[in-house]
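Novice: for reference, the sequence and a predicted model appear below.
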Amino acid sequence: MVAREQFAWVWLLTLVVTYTVYFTAVVLTGETTFWTQIVMFAATAIVQVVIIATVSAVIALRRKDEVSGDERDLAIEQRATAVAYNILVTGIVLVGCVLPFTQSGWKLFNAAVFAIALAEIVRHGLIIVMYRKGLKESKASRGWHG
């Protein structure tokens, strides 16, 4: 397993676990005070930073020669990021243009956090899949005459 795939696994698992805990806590606590919500989100963010920074540092130290990447790594990152960007934009349009008519406050905030988390989870999941299955040329990348 290459270093970039390991980084993607760290991100994916960390995001899935921390946001599952966060959104479960949000649902179970119901309406909360401002500070309770801030503490829950801050705790989630801090746990993510600690886990990702620590494990990424260990991977980087063990695999110094692989961290820079090559053309394939760049292509994988670009394709995964393009898909994640579309998910993020769709989520943020919902949060900014649709939900304000029916929701407010922390529900909007949590919907935005969910859109960001979902986009990142999909991005890192796609990176893993592309490393596992290999990067294949898509019809879209060959032009209109395919």
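Specialist: Cool, got the structure.
Novice: element containing Ile59, please.
Specialist: Under the criterion of DSSP states H and E, Ile59 resides in helix 34-62.
Novice: in that helix, what counts as buried?
Specialist: Buried residues in helix 34-62, defined by neighbour count with 16 or more other C-beta atoms under 10 Å: 37, 40-41, 44, 48, 51-52, 55-56, 59. Any C-beta I mention is one placed from the backbone N, CA and C, and that applies to glycine too.
Novice: with respect to pLDDT, which of those residues ranks lowest?
Specialist: By predicted confidence (pLDDT), the lowest-ranked of the buried residues of helix 34-62 is Ile59, with 88.
Novice: once you drop chain neighbours, what's closest to that one?
Specialist: Nearest in space to Ile59, with sequence neighbours left out and distances taken as C-beta to C-beta, 6 or more residues apart in numbering, is Gln6 at 5.1 Å.
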